[in-house]
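Student: output the structure for:
(one chain, ligands or ions: 2)
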Amino acid sequence: MQIESIRQRLQALGALPVHEQRVLRDWLQRRPYDGGRRRPEDFLPKALRAALPQIDAELGGLVRLLSSHPTDDGSARLLVGLADGQAVESVLLPRGGLCVSTQVGCAVGCQFCMTGRSGLIRQLTGGEIVAQVALARSLRAVKKVVFMGMGEPAHNLDNVMDAIDLLGSEGNIGHKNLVFSTVGDARVFERLPQGVVKPALALSLHTTKPELRAQLLPRAPRMSPVELVERGEAYARATHYPVQYQWTLLEGVNDGDDELDGIVALLKDRYAVLNMIPYNSIPDLAFRRPAWERCREIARQLHRRGVLTKLRDSAGQEVDGGCGQLRARAAQPRQSTIMLQRQT
Ligand SMILES: C[S@@+](CC[C@H](N)C(=O)[O-])C[C@H]1O[C@@H](n2cnc3c(N)ncnc32)[C@H](O)[C@@H]1O
Ligand code: SF4
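Tutor: Ligands and ions are numbered 1, 2, ... in the order given. Just a heads-up that it's a prediction; the model follows:
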């Protein structure tokens, strides 16, 4: 269900903007419809009141929890079922964060990403994107939402922008606590600055070499790393919030000293943070994560050379860590008994 369709349904039942706000807030902030200072009978139009149980059931049916896989670091991977039988992943992150999916599958086909292997299966609706937040809030508080789960947000831009608008208003999430993660796309740089809610931006860079990037991210728009950083910098300056550059560390591919020199040339003195994320292994793929000591050395060197660098282990990686693996396993019933096996 699109967010606009939800609004139209409420309007058809006599809802004014203030009533719409109330219903959407109650849904996204997990408040009971009959709670709050103003009782529904004193406030909402009669037709809307009568339809509330049905609307509640429809919104509640957009997504459902299929399984939850907590890890030692305080995060949990959630396998989330959609009404048509498809499934996506959300991740509860430490400190009130939530990672949500925007597509089932992805067309970009990054060579190291499980989600990219299936191609695009379908777009998530705006309703399904925000419903992941409502579902997560039934489990614990959510103060930050990162669009870093399955899918490329730039390829589902209208629905993701609708979701961002709703989460940044009725969802009560600070604008800078909404993080739009993308491989980079001209449409993103045009649309994001126009939104009422301007999210923080994460750009998945992975290498400073245009030819290597074209190999690793075969169907990403052909924007060079230099152009990506120029456009990212302009957005960061306009929003007064640093861009996060994402770098999946692959041994022998993008962890060499030549890349470190390239990073310094590209990112030194930029309004940016570089997140280095060691690769999560995926069965059948030949990539390897560098030794942890090498990862630390990379982060230390970059820091010393003037690039604000954070070394991160992606949350929930103990359980079918690479995003999309949980879903892939669930789609293979014969293997489901090893769903909780730890990765090496
Ligand atoms: C799954 S993508 C979703 C958002 C968007 N499509 C993007 O690429 O930025 C989020 C991040 O996960 C990273 N990622 C994907 N597969 C990974 C893996 N096997 N190990 C570590 N990071 C991975 C990507 O590089 C990207 O920075
Ligand atoms: S890393 Fe992002 S863009 Fe690349 S295939 Fe995975 S989800 Fe798609």
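Student: where along the protein do the helices fall?
Tutor: Assigned by DSSP state H, the chain shows helices spanning 3-12, 17-28, 40-43, 46-60, 126-137, 157-167, 186-191, 210-216, 225-239, 257-267, 292-304, 325-330.
Student: for stretch 220-229, measure first residue to last.
Tutor: End-to-end distance of stretch 220-229: 15 Å, with C-alpha to C-alpha, to the nearest Å as the criterion.
Student: what does it contact?
Tutor: Here stretch 220-229 makes contact (C-beta atoms under 8 Å, 6 or more residues apart in numbering) with 108, 110, 183-186, 203, 205, 207-210, 213-214, 231, 245, 262, 266-267, 270, 272. Backbone N, C-alpha and C define where each C-beta goes, glycine included.
Student: from those residues, list the ones also adjacent to ligand 1.
Tutor: residue 183 (C-beta under 6 Å from any ligand atom).
Student: pick out the residue of the stretch 151-300 of the chain closest to ligand 2.
Tutor: residue 152 (4.2 Å; C-beta to the nearest ligand atom).
Student: and for the closest residue to residue 110 other than its chain neighbours, the neighbour number?
Tutor: Once flanking residues are discounted, residue 110 sits nearest to residue 116: 4.7 Å by C-beta to C-beta, 6 or more residues apart in numbering. A count of nearby residues for residue 116, using other C-beta atoms under 10 Å, gives 23.
Student: isn't residue 116 right up against residue 150?
Tutor: No. Counting by C-beta atoms under 8 Å, residue 116 stays clear of residue 150, with 9.5 Å between them.
Student: so which of the helices of the chain comes closest to residue 281?
Tutor: Within the helices of the chain, the stretch nearest residue 281 is helix 325-330; the backing value is 9.7 Å (C-beta to C-beta).
Student: got a pLDDT number for residue 328?
Tutor: On pLDDT, residue 328 comes in at 67.
Student: what about the closest residue to residue 41 other than its chain neighbours, how many residues close to it?
Tutor: Among residues not flanking residue 41 along the chain, residue 49 sits closest, at 6.7 Å (C-beta to C-beta, 6+ apart). Using other C-beta under 10 Å, residue 49 has 17 neighbouring residues.
Student: check what pLDDT residue 49 gets.
Tutor: Looking at residue 49, its pLDDT reads 94.
Student: distance of it from residue 21?
Tutor: 16 Å (C-beta to C-beta, to the nearest Å).
Student: go on, residue 2?
Tutor: For residue 2 relative to residue 21 (C-beta to C-beta), the value is 18 Å.
Student: before we move on, what about residue 140?
Tutor: Relative to residue 21, and taking C-beta to C-beta, residue 140 is found at 24 Å.
Student: and these two? Which one has more around it.
Tutor: Neighbour count, other C-beta under 10 Å: between residue 140 and residue 21, residue 21 has more, with 14 against 10.
Student: measure how buried the residue nearest to the more buried one when sequence neighbours are not counted is and give me the count.
Tutor: Nearest residue to residue 21, sequence neighbours excluded (C-beta to C-beta, 6+ apart): residue 170, at 5.9 Å. The number of residues packed near residue 170 is 19, by other C-beta under 10 Å.
Student: now swap in residue 303 and tell me
Tutor: 14.
Student: what of residue 290?
Tutor: 20.
Student: could you list every residue that touches it?
Tutor: 249-251, 255, 278, 298.
Student: whichever of the residues you listed end up buried, select them in PyMOL.
Tutor: Buried residues within the contacts of residue 290, by 16 or more other C-beta atoms under 10 Å, are selected in PyMOL with:
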select buried, resi 249+250+251+255+278+298
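Student: ok, and which of the contacts of residue 290 reach ligand 1?
Tutor: Near ligand 1, judged by C-beta under 6 Å from any ligand atom, there are no entries from the contacts of residue 290.
Student: output the contacts of residue 290 in TSV; the columns should cover pLDDT.
Tutor: Formatted as TSV, the contacts of residue 290 follow (pLDDT from 0 to 100):
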residue	pLDDT
249	98
250	98
251	98
255	98
278	96
298	98
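Student: and of the contacts of residue 290, the nearest to residue 34?
Tutor: Nearest to residue 34 among those, with distances taken as C-beta to C-beta, is residue 278, at 48.4 Å.
Student: surely that closest one meets residue 249?
Tutor: Yes. Applying C-beta under 8 Å, one finds residue 278 in contact with residue 249, separated by 4.7 Å.
Student: now the common contact residues for the two.
Tutor: 289-290, 295.
Student: just give me the closest of those residues to residue 135.
Tutor: Nearest member of the shared contacts of residue 278 and residue 249 to residue 135, counting by C-beta to C-beta, is residue 289, at 30.7 Å.
Student: okay, that closest one and ligand 1: tell me how far apart.
Tutor: Residue 289 sits 8 Å away from ligand 1, going by C-beta to the nearest ligand atom, to the nearest Å.
Student: with residue 189 instead?
Tutor: Counting by C-beta to the nearest ligand atom, the gap from residue 189 to ligand 1 is 14 Å.
Student: for that residue, which non-adjacent residue is spatially closest?
Tutor: In space, residue 189 is closest to residue 231, 4.7 Å off (C-beta to C-beta, 6+ apart).
Student: make sure the one you found is actually in contact with residue 190.
Tutor: No. Using C-beta under 8 Å, residue 231 is not in contact with residue 190, being 9.9 Å away.
Student: thanks a lot, see you next time.
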